[in-house]
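1. quick one: sequence and predicted model below, then my questions.
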Amino acid sequence: MASKKGVRIIITLECTECRSNQNKRSPGVSRYTTKKNRRNTTGRLELKKFCPHCNKHTVHKEIK
């Protein structure tokens, strides 16, 4: 029997600058969780969010 997964899935957004920059003020990577509609948004999501490690607004990309 097939399981019902639904259209909306929970995704994780990760800061792109924290991942690539080794010279930052604190260790760690900024991550946010959100939901997206699987049918309307098939590609990976990119949003500008505040990163407390970089102390500025940066691009956060969807990770697996």
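-> Structure's in. What do you need?

2. each with direction, which strands does the helix or strand harbouring residue 36 pair with?
-> Element membership for residue 36, per DSSP states H and E: strand 31-37. According to DSSP bridges, strand 31-37 forms sheet pairs with strand 8-15 (antiparallel).

3. CA atoms of the strand it pairs with as CSV?
-> C-alpha atoms of strand 8-15 as CSV (Å, rounded to 0.1, in the frame of the first residue of the first chain):
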residue,chain,number,x,y,z
ARG,A,8,4.0,20.1,0.8
ILE,A,9,7.4,19.0,2.0
ILE,A,10,9.8,20.3,4.7
ILE,A,11,13.1,21.6,3.3
THR,A,12,16.3,23.0,4.9
LEU,A,13,17.9,26.2,3.7
GLU,A,14,21.6,26.7,4.3
CYS,A,15,23.8,29.8,4.0
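
4. buried ones in that strand?
-> Buried residues in strand 8-15, counted by 16 or more other C-beta atoms under 10 Å: 11, 13, 14, 15. To be clear about C-beta, it is placed using only N, CA and C from the backbone, and glycine gets the same treatment.

5. immediately after that strand, which helix or strand?
-> helix 16-20.

6. who's in contact with that following helix?
-> Contacts of helix 16-20 with the rest of the structure, by C-beta atoms under 8 Å, 6 or more residues apart in numbering, involve 24, 28, 29, 30, 51, 53, 54, 58, 59, 60, 61.

7. try 7 Å
-> Outside helix 16-20, the residues that touch it by C-beta atoms under 7 Å, 6 or more residues apart in numbering are 24, 29, 30, 51, 53, 54, 58, 59, 60, 61.

8. for the residue sitting nearest the centre point of the chain, give the beta-bridge partners.
-> With distances taken as C-alpha atoms, centre = their mean, the residue of the chain nearest its centroid is residue 13 (0.6 Å). Taking DSSP bridges as the rule, residue 13 bridges to residue 32, residue 62.

9. that one and residue 45: what is the separation?
-> 7 Å (C-beta to C-beta, to the nearest Å).

10. give me the common contacts of these two.
-> In terms of C-beta under 7 Å, 6+ apart, residue 13 and residue 45 are both contacted by the residues residue 62.
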